[in-house]
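Trainee: show me the folded form of this:
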Amino acid sequence: MSDARFEPVAAAFRPDATGRTVRVRGWVQKVRSSGGILFLLVRDRSGTVQITGRRDRLGDAGFDAAEHVQVEGVVDAEGTVVDDPRSPGGRELRATALRVVDAGAPFPIFQEQTEEFRLDKRHLVIRSPEHVATFRVKAELLRALREFLAQEEVLEMTPPILTGNPAEGGAEAFSIDYFGRPGYLSQTAQLYLEALLAPHERVYALTPSFRAEKSRTPRHLTEYQHLEVELAWYDLEGLVDFVERMVAHACRTLAERSAAELTLLGRPPAELAAIRPPFPRLSYAEAIDRLRAKGLSVSWGTDLATAEERALTLEERLPLFVTRFPRELKAFYMRRTPDDPRTVEAADLLAPEGYGEMVGASCRETDLDALVARLREIGAQVEDYDWYLDLRRYGNVPHAGFGLGIERLLRWMLRREHIRETTPFPRTPSRHTP
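Mentor: Okay, the predicted model is just below:
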């Protein structure tokens, strides 16, 4: 074999590739032989290509070695690109040389295995074409969101995920022994982003967040990727506009950049391209009326759980905002609605087709006395939040922000049945390995 530089498999499918000699390497997806000809389907980061090789060209030793390569074994090959409509993609590489890098052991993953077994072997299962496509779409989603925020002059920050106090309730926080003192895994970066707001005005963070909820539903993880944004001078209307523009931008970008992966996963790109503002909006009170009209037993103060969110959105084709929730249902830092002290200036963005909440947003309370009173109401130790209350003492301005669960957004975008399919190694109440 020559010392020619390796090329990605996709090089074999370039318009001018026919007749060229290329050298590729990758993981074997299928192997068979017939009549002295070897057929291998080989995958790398750019795609898959069929490699064929004749015994009289490769030699007995090389042919026999390649014939016994297992699924997910590794080879490299050099050969000529040839048009062949019988081959996947209409091209194949006819090998003049082929080397087995690693023959591999028999691959233990099969279609008929139980979900628990497949989760135990997640480190191998994620090589499937569906998972490869999913995580490439996820990478494009993260890039699209960062691009949008950069265009809006929102600055990325790096807040901690080890904290000294829970931000949204101790019962849902993972507690740790921090050198003899209580500590927690972060539920949200919001409080730290509010501290960074004063010098920068528009900030965001993309960090892991942790929730110790024993929720075993298709939309809950105990660890997830959390995009959080804080914006100075924003009211609820401006915040809702910002969120819908961002989500629409992400949908449109994926439809353009990830069309092949979306199609493989069964989500027509045109459907995402059609997600455009404005999104429909309901107040919480209107949502309760609509749910009662549908026959659900709800009343003022009822939290919107999975069943209620599904009923509100099952027939929707655009995401739906629900605004101005009862104060008791939301976190201590949310600002009261000026003309209705029962509610707060908050909005949840629900995915269409019954997929549930993706974004939680609110104006932040700027009144120091109101914040202290609310902390006491929920039984928090006010002194633990003294540093946060300083933000209301020095340079206090109106501001608002939101948190978006990346995996929840992706679950709706790809129509995945369970949220665990949107992250390589899902963490749930029953699983933290591999």
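
Trainee: how many residues are close by D56?
Mentor: By the measure other CB atoms under 10 Å, the count of residues near D56 is 10. C-beta here means a position set from N, CA and C on the backbone, and glycine is covered the same way.

Trainee: can you pull the contacts of the nearest residue to it once chain neighbours are set aside?
Mentor: Computed as CB to CB, 6 or more residues apart in numbering, the closest residue to D56 that is not its neighbour in sequence is G36, at 7.1 Å. Counting by CB atoms under 8 Å, 6 or more residues apart in numbering, G36 makes contact with 54-56.

Trainee: nearest to R335, of the residues you listed?
Mentor: For those, the residue nearest R335 by CB to CB is R54; the value is 74.1 Å.

Trainee: how about the contacts made by A167?
Mentor: In this structure, A167 makes contact with 186-188, 190-191, 331, judged by CB under 8 Å, 6+ apart.

Trainee: which residues of the stretch 151-300 of the chain fall in helices?
Mentor: Secondary structure of the stretch 151-300 of the chain (DSSP state H, counting those that start in this stretch): helices located at 190-200, 236-257, 259-264, 269-273, 284-293.

Trainee: the first one: which residues count as buried?
Mentor: So the one you mean is helix 190-200. 190-197 (16 or more other CB atoms under 10 Å).

Trainee: kindly report the same for the second one.
Mentor: Burial within helix 236-257, assessed by neighbour count using 16+ other CB under 10 Å, is assigned to 236, 239-240, 242-244, 246-255, 257.

Trainee: try the third one
Mentor: Of all the residues in helix 259-264, those buried under the rule 16+ other CB under 10 Å are 259, 261-262, 264.

Trainee: with stretch 156-167 instead?
Mentor: With burial defined by 16+ other CB under 10 Å, the residues of stretch 156-167 counted as buried are 157, 159, 161, 163, 165-167.

Trainee: returning to what we had before: now the two most distant members of the buried residues of helix 259-264.
Mentor: Pairwise distances across the buried residues of helix 259-264 (CB to CB) peak at 9.7 Å, for the pair A259 and L264.

Trainee: okay, which residue of the chain is out on the far edge from center?
Mentor: If you look at how far each residue of the chain sits from its centre, by CA atoms, centre = their mean, the farthest one is D56, at 49.1 Å.

Trainee: separation between that residue and A97?
Mentor: Computed as CB to CB, to the nearest Å, the D56 to A97 distance reads 13 Å.

Trainee: enumerate every residue touching the closest residue to V75 other than its chain neighbours.
Mentor: Using CB to CB, 6+ apart and skipping the chain neighbours, the partner closest in space to V75 is V100 (5.6 Å). Taking CB under 8 Å, 6+ apart as the definition of contact, the neighbours of V100 are 65-66, 69, 73-75.

Trainee: outline the domain layout of this protein.
Mentor: Domain assignment for the chain, taken from automatic domain parsing, gives 9-102, 118-422.

Trainee: quick one: the ones you listed as a markdown table, columns for distance to T433 and mean pLDDT too.
Mentor: A markdown table is the format used below for the domains of the chain (distance: least, CB to CB, whole Å; pLDDT from 0 to 100):
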| stretch | distance to T433 | mean pLDDT |
| --- | --- | --- |
| domain 9-102 | 21 | 96 |
| domain 118-422 | 8 | 96 |
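
Trainee: which one of those domains lies nearest to P434?
Mentor: Closest to P434 of those, according to CB to CB: domain 118-422, at 5.1 Å.

Trainee: what about the closest one, distance to the chain center?
Mentor: Taking the mean of its C-alpha atoms, domain 118-422 sits 12 Å from the chain's own mean (CA atoms, centre = their mean, to the nearest Å).

Trainee: distance to P434 for the domains of the chain - can I get that in JSON lines?
Mentor: Output for the domains of the chain, formatted as JSON lines (distance: least, CB to CB, whole Å):
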{"stretch": "domain 9-102", "distance to P434": "17"}
{"stretch": "domain 118-422", "distance to P434": "5"}
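
Trainee: out of these, nearest to P108?
Mentor: When those are ranked by proximity to P108, the top entry is domain 118-422, at 6.4 Å, counting by CB to CB.

Trainee: contacts for stretch 265-283?
Mentor: Contacts for stretch 265-283 (CB under 8 Å, 6+ apart): 130, 133-134, 137, 240-241, 244-245, 247-248, 251-252, 254-256, 258-259, 262-263, 290, 312, 316-324, 347, 349, 413-415.

Trainee: out of the helices of the stretch 151-300 of the chain, which is closest to F179?
Mentor: Evaluated over the helices of the stretch 151-300 of the chain, closeness to F179 peaks at helix 190-200, with 20.4 Å, by CB to CB.

Trainee: then the closest one to CSV, C-alphas only?
Mentor: Included here for helix 190-200 are C-alpha records, laid out as CSV according to Å, rounded to 0.1, in the frame of the first residue of the first chain:
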residue,chain,number,x,y,z
GLN,A,190,-29.4,31.7,36.8
LEU,A,191,-28.3,33.4,40.1
TYR,A,192,-24.7,33.6,38.9
LEU,A,193,-25.7,34.9,35.5
GLU,A,194,-27.7,37.7,37.2
ALA,A,195,-24.5,38.6,39.0
LEU,A,196,-22.7,38.8,35.6
LEU,A,197,-25.5,40.9,34.1
ALA,A,198,-24.4,44.2,35.6
PRO,A,199,-21.1,44.6,33.7
HIS,A,200,-22.3,42.8,30.5
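
Trainee: which secondary structure elements does it contact?
Mentor: Secondary-structure packing of helix 190-200 (3 or more CB pairs under 8 Å, 6 or more residues apart in numbering; DSSP states H and E): strand 202-210, strand 223-232, helix 386-393, strand 399-405.

Trainee: mind doing that once more with 10 Å?
Mentor: strand 155-156, strand 202-210, strand 223-232, helix 386-393, strand 399-405 (3 or more CB pairs under 10 Å, 6 or more residues apart in numbering; DSSP states H and E).

Trainee: those: which one's closest to W27?
Mentor: Closest of the helices and strands packed on helix 190-200 to W27 is strand 223-232, at 27.0 Å (criterion: CB to CB).

Trainee: want to throw the buried residues of helix 259-264 into a markdown table with distance to V31?
Mentor: Formatted as a markdown table, the entries for these read as follows, by distance: CB to CB, whole Å:
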| residue | distance to V31 |
| --- | --- |
| A259 | 30 |
| E261 | 25 |
| L262 | 30 |
| L264 | 23 |
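
Trainee: nearest to R32 among those residues?
Mentor: When these are compared for distance to R32 (CB to CB), L264 wins out at 23.6 Å.

Trainee: any buried residues in the biggest strand by length in the chain, and which?
Mentor: Among the elements of type strand in the chain, defined by DSSP state E, the one spanning the most residues is strand 21-34. Taking 16+ other CB under 10 Å as the neighbour-count basis, strand 21-34 is seen to contain the buried residues 22-29, 31, 33.

Trainee: just the CA trace of it, in PDB.
Mentor: The C-alpha trace of strand 21-34 is given here as PDB (Å, rounded to 0.1, in the frame of the first residue of the first chain):
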ATOM      1  CA  THR A  21      -7.500   6.300  -6.400                       C
ATOM      2  CA  VAL A  22      -8.400   7.000  -2.800                       C
ATOM      3  CA  ARG A  23      -7.300   5.600   0.600                       C
ATOM      4  CA  VAL A  24      -9.900   5.300   3.400                       C
ATOM      5  CA  ARG A  25     -10.200   3.800   6.800                       C
ATOM      6  CA  GLY A  26     -13.100   3.100   9.200                       C
ATOM      7  CA  TRP A  27     -15.300   0.600  11.000                       C
ATOM      8  CA  VAL A  28     -16.900  -2.400   9.300                       C
ATOM      9  CA  GLN A  29     -20.700  -2.500   9.300                       C
ATOM     10  CA  LYS A  30     -21.200  -5.600   7.200                       C
ATOM     11  CA  VAL A  31     -18.900  -8.200   5.600                       C
ATOM     12  CA  ARG A  32     -19.600 -11.100   3.200                       C
ATOM     13  CA  SER A  33     -17.800 -12.900   0.400                       C
ATOM     14  CA  SER A  34     -19.100 -14.600  -2.800                       C
END
